[in-house]
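Asks: Fold the following for me, if possible:
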Amino acid sequence: MPSFHNKRQCFWFNRWFTYAASYINLFTGGTTYLWGTYSDDLKKVLGLTQSQTSLLGVSFYFAQAGSFIIGLSFDTFGPRPLGWASAILMFMGYFLFRQGVLGRWPVYLLSACLIMVGLGSSGIYTATVPTNINNFHIKHKGKVVGSLVAMTGFSAAALSAIYKYIFIPNYDDLETRLQVFFLLLALLLGLGGSFGVIFLNMEPKDEDLRRSRLSRMPAIERMSRLSYHEYDNRSSRRGSLSLPNSRRQSIAAEESNPLLINSIEEALDEWVPANFGSLANEFTSKEEYFNVAFPQYKWYETLKSINFWLLLPSSVICTAAGAMIIAIIPQLVVSLGLDKSNIPILVSLIAVVNASSRLITGIVSDLLAKNVSRPFFFVFFSALFACTHTFLSFSTTTWELYLVAIFIGFCYGSVVLLGPVLINELFGAKYWGINYAFLNMGPAGGNYLFASVIASSIYQSHIPPEQDDQKVCHGQRCFKAAFVITSICCAASMVLSLLLWYRTRSLYALKYRGAVVNLKK
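Replies: Below you'll find the predicted structure:
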């Protein structure tokens, strides 16, 4: 068994501790999906309007505007410092929110507390997911990410069940019920997150440890890390990027582990197609092929990429379409005159399907990678989102809402899974933190626009003046126009995703089949 006193020996043994502890971390990061469980009780206790309720519901996602700082912190300090800071933020956010409910703080202060929770959740996600992506083979990234991020959905389902079956029967007073529940969340997230972060492995900082780690990586990961660490990959996609022989000899003279030099050829032989001779007209070397098939974009190169600007609005629209439903489920049930006991069940159903879809989509996208590229999955789920919102605009019964919950949960979970994986595949793993931060900032505005502006404004406009003091809308019309608008936006997302799929088909052909498809184009 490897010694825990030797970082070189224990790193790859510890990757399984990292993987197991990541479930704890992501469980603590899933409470942002819990809002619908207690939002109706909070609305009654504080006397909130629908606009104020929706504002608080999307406050978790405002934290995504700080994704750049989170990504930069991950790239600079590594997963552990970011994870511990995130656990503290989640604890402080829920604890202060509890005090705010008790002291009847203004809505903007309550929103700030939930933004802290959102920052913590986003930070724990960023500290956990890319760490595991780097620890495991590239062929399994969909399964690894899917199995881990599924825990965020299961977290909401489990805590929703606790609220329904333990807190509601035992606390008749709404204010007391909420205060005890928020205290539980603060302690659970703070302590659980802090414990799980202990087992996250940090990137070795000195050169000797880095190379020792490289020698124990799967060959494909060794090639990726070494090639881009040893020389600067400019944005050129056609120039020769092979490592000069003089540089290879220099490395050999400095390297204490001779297996590292052999790992370059081993990596290429493992991943580059056996029929590389058929690619000789396109590439001067296997290294050049590797750098074209597995690009490593710096943040400014990512921002100049057309592919990023096709992915960003698609991601914003789809995540906002799902987050809107999660935020308004309680008010939707009440507006349709359905039994309120359905609210926790619907929240739990969305959470369970949300979690399951991440694992299912991760596995399926890995299995079909050679024939169906991941951008095409975005096309499919955008279209399914559009159909589901259209169906929801005509839904009036309980069974229809349950059907919608299944499709919304599945689409939302799949889209959330695909985002970080696509950033990895299209723009590389080396600068994943910063690149994903730019993608993750978009949904902050989209969630606010869809849930707090569009849905809430339409809801408020259908409350009769004589019932304005009750702050409740009744009837199918309360949200119908909002669902029509979101379905149109999701259709636009489908078109953008289709363009992304078309533009990246050559890249994915090179990645998974070693085939050249309109490479020059």
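
Asks: Per-residue pLDDT of residue 8, please?
Replies: Looking at residue 8, its pLDDT reads 39.

Asks: which residues of the stretch 401-521 of the chain score low on pLDDT?
Replies: Low-confidence segments of the stretch 401-521 of the chain (pLDDT under 70): 466-471, 513-521.

Asks: list the buried ones in the one helix or strand residue 120 maps to?
Replies: Per DSSP states H and E, residue 120 falls inside helix 107-135. Residues 107, 110-135 are the ones in helix 107-135 that count as buried (16 or more other CB atoms under 10 Å). C-beta here means a position set from N, CA and C on the backbone, and glycine is covered the same way.

Asks: For it, the averaged confidence score.
Replies: For helix 107-135, mean pLDDT is 86.

Asks: Output stretch 45-54 as CSV - backbone C-alpha positions only.
Replies: C-alpha atoms of stretch 45-54 as CSV (Å, rounded to 0.1, in the frame of the first residue of the first chain):
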residue,chain,number,x,y,z
VAL,A,45,-44.2,34.2,6.8
LEU,A,46,-42.6,37.3,5.2
GLY,A,47,-45.7,38.4,3.2
LEU,A,48,-43.8,38.5,-0.1
THR,A,49,-45.1,39.2,-3.5
GLN,A,50,-44.5,36.8,-6.4
SER,A,51,-41.8,39.0,-7.8
GLN,A,52,-40.0,39.1,-4.4
THR,A,53,-40.4,35.3,-4.0
SER,A,54,-39.0,34.7,-7.5
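
Asks: quick one: the helix or strand where residue 61 lies to helix 107-135, angle?
Replies: Following DSSP H and E, one finds residue 61 within helix 50-62. Using axes from the mean of the first three to the mean of the last three CA atoms, to 10 degrees, the direction of helix 50-62 lies 30 degrees away from that of helix 107-135.

Asks: Need the residues that contact helix 50-62.
Replies: The contact list for helix 50-62, computed with CB atoms under 8 Å, 6 or more residues apart in numbering, reads 32, 35-36, 39, 42-43, 48, 107, 110-112, 114-115, 117-118, 121, 323, 326-328, 331, 443-444, 447-448, 451-452, 455-457, 459-460, 471, 473.

Asks: Now, these that are in helices?
Replies: Counting by DSSP state H, those place 35-36, 39, 42-43, 107, 110-112, 114-115, 117-118, 121, 323, 326-328, 331, 443-444, 447, 456-457, 459-460 in helices.

Asks: For stretch 128-146, measure first residue to last.
Replies: End-to-end distance of stretch 128-146 (CA to CA, to the nearest Å): 13 Å.

Asks: Buried residues of the top helix by length along the chain, list them for me.
Replies: Taking DSSP H as the criterion, the chain has its longest helix at helix 477-513. Under the neighbour-count criterion of 16+ other CB under 10 Å, helix 477-513 has 478-483, 485-487, 489-491, 493-494, 496-498, 500-501, 503-512 buried.

Asks: Name the residues of stretch 293-301 that are buried.
Replies: Residues of stretch 293-301 classed as buried by neighbour count (16+ other CB under 10 Å): 293-299, 301.

Asks: Quick check, residue 415 in contact with residue 381.
Replies: Yes: shown here, residue 415 and residue 381 form a contact pair, counting by CB atoms under 8 Å, at 5.5 Å.

Asks: which neighbours do these two share?
Replies: Joint contacts of residue 415 and residue 381 (CB under 8 Å, 6+ apart) are residue 318.

Asks: In the stretch 251-400 of the chain, mark out all the helices, start to finish.
Replies: Secondary structure of the stretch 251-400 of the chain by DSSP state H, counting those that start in this stretch: the helices cover 259-271, 286-293, 299-303, 306-335, 342-367, 374-392, 398-427.

Asks: and of those, who's closest to residue 150?
Replies: Shortest distance between residue 150 and the helices of the stretch 251-400 of the chain, using CB to CB, is found for helix 342-367: 4.0 Å.

Asks: So which elements touch the closest one?
Replies: Counting contacts by 3 or more CB pairs under 8 Å, 6 or more residues apart in numbering; DSSP states H and E, helix 342-367 is packed against helix 35-46, helix 141-162, helix 306-335, helix 374-392, helix 398-427.

Asks: Between these, which has the poorest mean confidence score?
Replies: Lowest mean pLDDT within those: helix 141-162, a mean of 79.

Asks: now that one, how far from the chain's geometric center?
Replies: In terms of CA atoms, centre = their mean, to the nearest Å, the centre of helix 141-162 is found 11 Å from the chain centre.

Asks: what's it packed up against?
Replies: Packing partners of helix 141-162 (3+ CB pairs under 8 Å, 6+ apart): helix 7-28, helix 35-46, helix 107-135, helix 342-367, helix 398-427.

Asks: now do 6 Å
Replies: Applying 3 or more CB pairs under 6 Å, 6 or more residues apart in numbering; DSSP states H and E, one finds that helix 141-162 contacts helix 7-28, helix 342-367, helix 398-427.

Asks: Helix 374-392 and that helix, what's the angle between them?
Replies: 30 degrees.

Asks: who touches helix 141-162?
Replies: 22-23, 26-27, 29-30, 33-34, 37, 132-133, 136, 344, 347-348, 351-352, 354-355, 358-359, 362-363, 365-366, 417, 421 (CB atoms under 6 Å, 6 or more residues apart in numbering).
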